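Engineer: Fold the following for me, if possible:
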Amino acid sequence: MSYRFDALFFPGIFAGALALSGCQAIFPGEEDASLGALRLSQADAVASQQRLDEDGYPLLGAYPGAAAPQLADENVAALNSRYNGIAAQREAAADDTGYASAISRAASARERQAAAVSTLDAEAASQPAASGTTERGPRPEDVLRQIEATDETTN
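Structural biologist: Residues are numbered from 1 along each chain as shown. As a prediction, this is how the structure comes out:
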């Protein structure tokens, strides 16, 4: 028995997979619900300024008579100084002096290498040119003549 795949087979599989993955997060950066609950549990409890009746139920339409308590001035000053310190550190890290010094070190290394290459080129130019047509070194006949010449001078 053979199965015939018609034109709706693969779109049907795709639609089924899409329906099954509907409960999963679409984007990888989405936050898990447990993280929000964890953050909420770490937050300090704030007393409500809503007025209550004698049974403890809120009075609907009764607006608070005073604002909720705010942060103390000392806490605000400490946070401001902390955030200003962090901003100063980031500005110092983003300073261009580090980049400029890296560029100058690279330029000086390039100049040293160029001087070394020109010295090597001058030394190579002062040596006699290779004989023969290969330009890869002396021909074997020339080497044999040099050996014979050194043998005659040593004997």
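
Engineer: C-alpha from now on. contacts and neighbour counts both.
Structural biologist: Fine.

Engineer: Can you check the pLDDT for Ile86?
Structural biologist: For Ile86, the pLDDT comes out at 91.

Engineer: now the end-to-end length of stretch 44-52.
Structural biologist: 22 Å (C-alpha to C-alpha, to the nearest Å).

Engineer: List the buried residues in it.
Structural biologist: Gln50, Arg51 (16 or more other C-alpha atoms under 10 Å).

Engineer: Need the mean per-residue confidence for it.
Structural biologist: Per-residue scores along stretch 44-52 average to 72.

Engineer: after the one helix or strand in the chain whose mean pLDDT sits lowest comes which helix or strand?
Structural biologist: Using mean pLDDT, DSSP states H and E, helix 33-42 stands out as the lowest-scoring helix or strand of the chain, at a mean of 69. Once helix 33-42 ends, the next helix or strand along the chain (criterion: DSSP states H and E) is helix 73-93.

Engineer: Just the CA atoms of that following helix, as CSV, please.
Structural biologist: C-alpha atoms of helix 73-93 as CSV (Å, rounded to 0.1, in the frame of the first residue of the first chain):
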residue,chain,number,x,y,z
ASP,A,73,15.4,62.8,50.9
GLU,A,74,18.4,60.9,52.1
ASN,A,75,17.4,57.8,50.1
VAL,A,76,16.9,59.9,47.0
ALA,A,77,20.3,61.7,47.4
ALA,A,78,22.0,58.3,47.9
LEU,A,79,20.4,56.9,44.8
ASN,A,80,21.3,60.0,42.8
SER,A,81,25.0,59.8,43.9
ARG,A,82,25.1,56.1,43.1
TYR,A,83,23.6,56.6,39.6
ASN,A,84,25.9,59.6,38.9
GLY,A,85,28.9,57.5,39.9
ILE,A,86,27.8,54.7,37.5
ALA,A,87,27.4,57.3,34.7
ALA,A,88,30.8,58.7,35.4
GLN,A,89,32.4,55.3,35.2
ARG,A,90,30.7,54.6,31.9
GLU,A,91,31.7,57.9,30.4
ALA,A,92,35.3,57.2,31.5
ALA,A,93,35.2,53.8,29.9
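
Engineer: quick check: angle from the helix ranked longest in the chain to helix 73-93?
Structural biologist: Secondary structure of the chain per DSSP state H: the longest helix is helix 97-126. Going by axes from the mean of the first three to the mean of the last three C-alpha atoms, to 10 degrees, helix 97-126 is angled at 10 degrees with respect to helix 73-93.
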